[in-house]
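A.B. asks: from the sequence below, what's the structure:
(4 chains)
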2 protein chains.
Amino acid sequence: MSTGFEKHDHGTCVATSIKAAEDHCAAHKLQLTPVRRRVLELLLEGHKALGAYDILPTLAAEGLGSQPPVVYRALDFLQSNGFAHKVEKLNAWTACMHPGEDHNPAFMICSDCDMVAEIPASPVTGDLGRAAEKMGFSINTAVIEVEGTCPSCQEVKTT
Amino acid sequence: MSTGFEKHDHGTCVATSIKAAEDHCAAHKLQLTPVRRRVLELLLEGHKALGAYDILPTLAAEGLGSQPPVVYRALDFLQSNGFAHKVEKLNAWTACMHPGEDHNPAFMICSDCDMVAEIPASPVTGDLGRAAEKMGFSINTAVIEVEGTCPSCQEVKTT
DNA sequence: GCGTCAAATGTAATATTATAACATGAGAGC
DNA sequence: GCTCTCATGTTATAATATTACATTTGACGC
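C.D. replies: Sure thing, here's the model as predicted:
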């Protein structure tokens, strides 16, 4: 699975994720309803993070709901089932690139092109986990988001 | 400097931070105005993160300003000069525990008692930095926040 | 079929967080 | 005293998110 920054077959990328969501829902008796499915598709369109209010007009135009709770509910569903993540720094959501796998996501956010790449993080076993353990702090969830410049945007700058 | 979770002389804690802010301002020709100073004091009161709208009523009661921009400006000032940090996960701010030092903060947030501890993080040299370097991603800022249970709240639960 | 229950959706209203824009004031340096 | 910069006062509004309650739909047991 790609991280998003390098070149990749994005069609496969999308198909894989949708398929993973369908399978997971089938296996766990969850409903991937039209709204939920469409929101996931929108999140998958680019490797960007979308705000709830970026998504809402599209849903409204397609007759899938026009009020904020509609999109927030869909995002909650996707997030709690591991199909999407919230990027706290951006107050925005992005599709999960490792659906089905148990993972702690970390994000790299390019401030030039707004691309968001999800990479595996393992805070519990990493530096941070060791620091927490030392202090007797028990980690539940971790927010790890770095902002900077992605490889392609660095190239653009230097050429 | 304490992290906040363990027992400590909080008076010293506050005094040290205020002093550091005063010194830094004197050295850099910055003004630690009444509003700014008061906001810093409020952030230092407990090792908690405060939202802008938690702070505003106090400022208003003390005649230091009653409109949102007042508190946001003060927070911007404190943050850009390294006296406070924003905790993205909470949309709230906390006083810096290592003022004057060049550091990448990480936070441990106790979801039971709301205590926030700042610990040093070094993403650029740590696991995350290595991952970023490998991908050719250049890090500008890092948000590292873990949420879980602090030592004292774990004790309470088990007794 | 029919009742009933849970999950999902529709909708109005409102809460919370944050910023834009412009006017006013206060002090430093000339 | 002039002017320039920084800080503050104030109004309005933007952006993000949730509460609360009504309605619909489909599964399941009877």
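A.B. asks: what's the longest helix in chain A?
C.D. replies: Longest helix of chain A, by residue count under DSSP state H: helix A:10-28.
A.B. asks: what comes into contact with stretch A:84-98?
C.D. replies: A:1-4, A:17, A:39-40, A:43-44, A:47-52, A:54, A:75, A:78-79, A:82-83, A:105, A:107, A:109, A:116, A:118, A:120, A:143, A:145, A:147, B:88-89, B:143, B:145 (Cβ atoms under 8 Å, 6 or more residues apart in numbering or on different chains). For glycine as for every other residue, the C-beta is placed from the backbone atoms N, C-alpha and C.
A.B. asks: and the residue in chain A that DNA strand C sits nearest to, how many neighbours does it have?
C.D. replies: The minimum distance from chain A to DNA strand C, using Cβ to the nearest atom of the strand, falls at A:Thr33 (3.0 Å). By the criterion of other Cβ atoms under 10 Å in any protein chain shown, A:Thr33 has 14 neighbours.
A.B. asks: now swap in A:Ile119 and tell me
C.D. replies: A:Ile119: 22 neighbours (other Cβ under 10 Å).
A.B. asks: what's the helix or strand for it?
C.D. replies: strand A:116-121 (DSSP states H and E).
A.B. asks: show the low-confidence segments of chain A, by residue range.
C.D. replies: Residues of chain A meeting the criterion pLDDT under 70: A:1-4.
A.B. asks: near DNA strand C, which residues of it?
C.D. replies: Taking Cβ under 7 Å from any atom of the strand as the contact definition, chain A meets DNA strand C at A:30-31, A:33-36, A:64-70, A:73-74.
A.B. asks: can you go through the residues you listed and name the buried ones?
C.D. replies: If you count burial by 16 or more other Cβ atoms under 10 Å in any protein chain shown, the buried members of these come out as A:Val35, A:Arg36, A:Leu64, A:Gly65, A:Val70, A:Ala74.
A.B. asks: tell me which entries of those lie within strands.
C.D. replies: For these, not one is inside strands, with DSSP state E as the criterion.
A.B. asks: hang on, the earlier thing: contacts for the strand holding A:Ile119 next, please.
C.D. replies: Counting contacts by Cβ under 8 Å, 6+ apart, the residues outside strand A:116-121 that touch it are A:3-5, A:47-49, A:85, A:87, A:90, A:94, A:96-98, A:103-110, A:142, A:144, A:150, B:127-128, B:131, B:135, B:137.
A.B. asks: phi and psi next, for the residue nearest to A:Pro34 when sequence neighbours are not counted.
C.D. replies: Excluding its sequence neighbours, the residue lying closest to A:Pro34 (Cβ to Cβ, 6 or more residues apart in numbering or on different chains) is A:Leu64, at 6.1 Å. Taking degrees, to the nearest 10, you get phi -100, psi 10 for the backbone angles of A:Leu64.
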